[in-house]
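A.B. asks: Below are the sequence and a predicted model for it; my questions follow.
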Amino acid sequence: MHTTPPGAASRPARTALDLLRCPLCGAELSRTGSALACARRHTYDIARQGYVGLLTGGRRAANADTAAMVEAREAFLRTGHYGPLAAALAGLAGPLCPPGGAVLDAGAGTGYYLAAVLDALPDAVGLGLDTSKFALRRAARAHARAAAATWDVWEPLPVATGSVDLVVNVFAPRNGPEFRRVLKPDGALLVVTPTPRHMAELRDALGTLAVDEAKEERLDRTLSAYFRREEARPLEYAVTLPPGEVADLVSMGPTGHHLKAGEAAERAARLGGAVGMTASFRLSVYRPL
């Protein structure tokens, strides 16, 4: 387990933005006013909310979370129902990242889980990538040692090769070759996926998307060319949700892309009151081959 040596500086020697590279030419980026630029003058604006806009020139990712989906996610996460998951993730992350290390959250959303991980790693810096500018407006301010940038995780990552100690991936696409490239040889990949039991009680009543029974096998198979699985931990617990929280939960995930405005609230109201639900996840640690 990594420990911080006595007298070590509490402030990191670098910032998360130092991990970024120009997505057009791969060169280092430096800050010039309210933008980042490389030596070839490729320039990327820093939004007033603090995130860097790397998806430029008409490059847009499909299925980015909408403003309504992000608002629902923020509301649901504030209830604390996913607090046990954030705590478990942070507990696993602690021994995987050395003092002063770097964390990449690929598919960071609002930065909720990245902030929990950084709280467990006092000297680390964190970079969150996501396609949704609405989510990144929050992720950029989720933690004092975090930065955020727009990017499609399916594409080659705008991150320096071998610069990251820990890649975190929570309910997001997994780009095995790129995760391997940006990780240090002794780094780790920490993946969180829902199990088929997750939210199962809501599927018939609300029409939520089911979790593939073969998801875990497919995950291991997808990553097997680049990583070996070192550990897998189940996490399952019961929660009770009133209709408003049910609506937020349904609206914040993939099902939210298929719902009309107000539809989740209408379906949740038909439940007639609070509903018990199973929260069920697998947390997997992978090491580079």
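C.D. replies: Received it, and whenever you're ready, just let me know what you need.
A.B. asks: check contacts around the closest residue in space to residue 195 that isn't next to it in sequence.
C.D. replies: Once flanking residues are discounted, residue 195 sits nearest to residue 280: 4.3 Å by C-beta to C-beta, 6 or more residues apart in numbering. Backbone N, C-alpha and C define where each C-beta goes, glycine included. Contact partners of residue 280, counting by C-beta atoms under 8 Å, 6 or more residues apart in numbering, are 194, 195, 196, 197, 198, 234, 235, 236.
A.B. asks: for residue 280, helix, strand, or coil?
C.D. replies: strand (DSSP: H, G, I helix; E, B strand; the rest coil).
A.B. asks: heads up, I number from 52, so please use that
C.D. replies: Fine by me, first position is 52 from now on; the one you just mentioned is residue 331.
A.B. asks: I'd like to know how far it sits from residue 151.
C.D. replies: 35 Å (C-beta to C-beta, to the nearest Å).
A.B. asks: What of residue 337?
C.D. replies: 22 Å.
A.B. asks: cool, and residue 216?
C.D. replies: 9 Å.
A.B. asks: shared neighbours of those two, anything?
C.D. replies: In contact with both residue 216 and residue 151: residue 175, using C-beta under 8 Å, 6+ apart.
A.B. asks: quick one, which of these two is more surrounded?
C.D. replies: For residue 216 versus residue 151, the count of surrounding residues by other C-beta atoms under 10 Å is larger for residue 216: 23 against 19.
A.B. asks: sorry, back to before: partner residues bridging the residue nearest to residue 246?
C.D. replies: In this entry, residue 331 is beta-bridged to residue 287, by DSSP bridges.
A.B. asks: The one 5 residues further on now?
C.D. replies: On the basis of DSSP bridges, residue 336 is bridged to residue 241, residue 282.
A.B. asks: ok, it - contacts?
C.D. replies: Counted by C-beta under 8 Å, 6+ apart, residue 336 has contacts 143, 147, 239, 240, 241, 280, 281, 282, 283.
A.B. asks: Tell me, what's the model's pLDDT at it?
C.D. replies: Listed pLDDT for residue 336 reads 97.
A.B. asks: ok, it to residue 142 distance?
C.D. replies: 12 Å.
A.B. asks: Residue 177 too?
C.D. replies: 16 Å.
A.B. asks: more crowded one of those two?
C.D. replies: residue 177 (29 against 14).
A.B. asks: Does the residue most central in space within the chain belong to a helix, a strand or coil?
C.D. replies: The chain has residue 159 as the residue nearest its centroid, 2.7 Å off, counting by C-alpha atoms, centre = their mean. Using three-state DSSP, the structure places residue 159 in coil.
A.B. asks: show me what contacts it?
C.D. replies: Residue 159 sits next to 165, 179, 180, 181, 186, 187, 190, 199, 223 when contact means C-beta under 8 Å, 6+ apart.
A.B. asks: so who does the first one touch?
C.D. replies: Counting by C-beta under 8 Å, 6+ apart, residue 165 makes contact with 154, 156, 159, 177, 179, 190, 193, 194, 197, 219.
A.B. asks: The last one should be in a strand, yeah?
C.D. replies: Yes: remark: residue 219 belongs to a strand, assigned using three-state DSSP.
A.B. asks: Excluding sequence neighbours, find me the nearest residue to it.
C.D. replies: Per C-beta to C-beta, 6+ apart, closest to residue 219 is residue 156, 4.6 Å.
A.B. asks: Am I right that residue 127 falls within a helix?
C.D. replies: Yes: counting by three-state DSSP, residue 127 is located in a helix.
A.B. asks: Return the distance of it relative to residue 290.
C.D. replies: From residue 127 over to residue 290 (counting by C-beta to C-beta), the distance is 11 Å.
A.B. asks: For the chain, just list every one of the strands.
C.D. replies: 81-82, 86-88, 94-96, 153-157, 176-181, 197-201, 215-221, 234-245, 278-292, 326-339 (DSSP state E).
A.B. asks: how about CSV for these, with distance to residue 267 added?
C.D. replies: Formatted as CSV, these follow (distance: least, C-beta to C-beta, whole Å):
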stretch, distance to residue 267
strand 81-82, 41
strand 86-88, 38
strand 94-96, 37
strand 153-157, 19
strand 176-181, 24
strand 197-201, 29
strand 215-221, 14
strand 234-245, 7
strand 278-292, 8
strand 326-339, 6
